[in-house]
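>>> just coords:
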């Protein structure tokens with residue numbers, strides 16, 4: 001894609017999913033920070049925008065990603081539920097148990113571990129509630145717009161932007177919390193002579209971090225804007 005001064009980080013990933021690895025290399029937040037302009041954030045961080053643009057071009061040439069932005073909204077909702085929501089429900093209790101073991105075994109040596117446990121517990125509690133709201137209220141309405149279009153019944157919450165604005169704020173909260181996880185663990189860097197459970201836990205946390213970044217990107221930068229646009233067209 002042609003990256004201009006008006007191109008956002010979210011648009012870059014929306015066009016080519018493999019761009020994620022380039023943006024993450026430079027700590028550029030494409031999910032909660034997806035609306036930020038690429039040129040502005042490079043200036044803020046003192047990064048060479050031309051060099052990064054060339055890297056992005058090489059990634060684009062080697063692979064054309066799945067075009068999530070062209071999928072029907074109902075399919076994207078189901079994809080998010082199966083690939084991301086269900087993943088979180090599976091791993092939350094597993095990672096929590098492993099963190100508990102690491103804290104019990106090594107909490108006296110590594111003072112940051114109790115904080116790690118508290119932050120992860122907060123993320124788990126808030127995201128479980130968050131996903132429930134999406135699946136019970138928002139996703140069925142969005143999927144209905146795909147299937148019924150002109151005959152869709154408008155929801156009691158007014159318009160789709162109302163719940164979306166709340167969910168985006170919750171995404172921003174979760175995004176801040178996972179960055180805190182990364183900070184606490186020094187980018188998931190193991191201490192010297194770490195035991196097997198320690199290693200497994202950090203691997204799980206890093207996978208969780210990466211998955212949630214993609215999860216939030218799909219909703220904030222693809223699903224939600226499309227839902228707002230489609231609903232506006234129906235109402236008008």
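Received the coordinates, thanks. If you're wondering where the values come from, they're calculated on a predicted model, not measured in any experiment.

>>> mind listing what residue 19 touches?
Residues near residue 19 by Cβ atoms under 8 Å, 6 or more residues apart in numbering: 12, 13, 30, 56, 59, 60. (C-beta placed from N, C-alpha, C; glycine too.)

>>> likewise residue 142?
73, 74, 77, 160, 223, 227.

>>> Widest-spaced pair of those residues?
Farthest apart among the contacts of residue 142 by Cβ to Cβ are 74 and 160. That separation is 14.1 Å.

>>> Which residue, neighbours along the chain excluded, lies closest to residue 52?
residue 26 (6.2 Å; Cβ to Cβ, 6 or more residues apart in numbering).

>>> Quick check: the gap between that neighbour and residue 49.
10 Å (Cβ to Cβ, to the nearest Å).

>>> what sits in contact with each of those two?
In contact with both residue 26 and residue 49: no residue, using Cβ under 8 Å, 6+ apart.

>>> on that earlier part again, can you tell me which of the contacts of residue 19 are in strands?
Using DSSP state E, no member of those falls within strands.

>>> Flag whichever of the residues you listed scores worst on pLDDT.
Among the contacts of residue 19, residue 60 carries the lowest pLDDT, at 71.

>>> quick one: that one and residue 1 touch, right?
Yes. Using Cβ atoms under 8 Å, residue 60 makes contact with residue 1 at a distance of 6.7 Å.

>>> quick one: contacts for residue 180?
residue 119.
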